[in-house]
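Novice: need a 3D model of the following:
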Amino acid sequence: MAEGDGVIYNNFKEQLFLKVLDCDTDTFKMILVSGYTPNIDTDVDYTDVSGDEYGAGSGYVVGGETLAGLVVAQDDANDRATGDADNVTWTSLGPLAPNTPSHAILYDDTASDYLVCYWELGTTATNGGDYTLTFNAVGMMTLT
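Specialist: Below is the predicted model:
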């Protein structure tokens, strides 16, 4: 299922300029949260969102899924840089009533668990079906 555009946290932008994060070699994880109200100004790291994490259950591991296939590329033809990874799938995502995941959040598990960006989710399979967060064909993130 394709979701909306990702929204980047302001702290992530600063950490890039400070060379704290390495988007090519750090380990990035994706979590699901429910009932989360995003604040790109004050949410900084995993502890700021962990209280809203979906919770251990069928098909879900607290702390999130590790992104695979991470690629960072410069695209001179389109004057941008992209970061991409394989789509993330939660297999047999079971119900944790009354919660339904409302957002997917990407964070850097290597560098102080800094939050990177979030996606607001549409209809999420929580009835034991697989759920895949599908990134845009251009890439997971694009800097222009």
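Novice: quick one: the helices in the chain?
Specialist: 10-17 (DSSP state H).
Novice: any stretches of it with poor pLDDT?
Specialist: By pLDDT under 70, the weakly predicted segments of the chain are 1-4, 96-99, 123-127.
Novice: quick one: the strands in it?
Specialist: All strands of the chain, identified by DSSP state E, fall at 7-8, 28-33, 65-66, 71-75, 80-84, 88-90, 103-108, 115-120, 131-133, 141-143.
Novice: how far out from the middle of the chain is the fourth one?
Specialist: This points to strand 71-75. Counting by Cα atoms, centre = their mean, to the nearest Å, strand 71-75 is centred 18 Å from the centre of its parent chain.
Novice: hang on, Tyr46 packs against Tyr107?
Specialist: Yes. With contacts counted by Cβ atoms under 8 Å, Tyr46 reaches Tyr107, the gap being 5.2 Å. Glycine gets a C-beta too; all of them are placed from N, C-alpha and C.
Novice: re earlier: of all the strands of the chain, which lies closest to Thr42?
Specialist: Across the strands of the chain, Thr42 has its closest neighbour in strand 115-120 (10.5 Å, Cβ to Cβ).
Novice: one step back: looking at the strands of the chain, spot the one closest to Gly51.
Specialist: Among these, the nearest to Gly51 by Cβ to Cβ is strand 28-33 (8.8 Å).
Novice: so what secondary structure elements neighbour that closest one?
Specialist: Judged by 3 or more Cβ pairs under 8 Å, 6 or more residues apart in numbering; DSSP states H and E, strand 28-33 is in contact with strand 65-66, strand 103-108.
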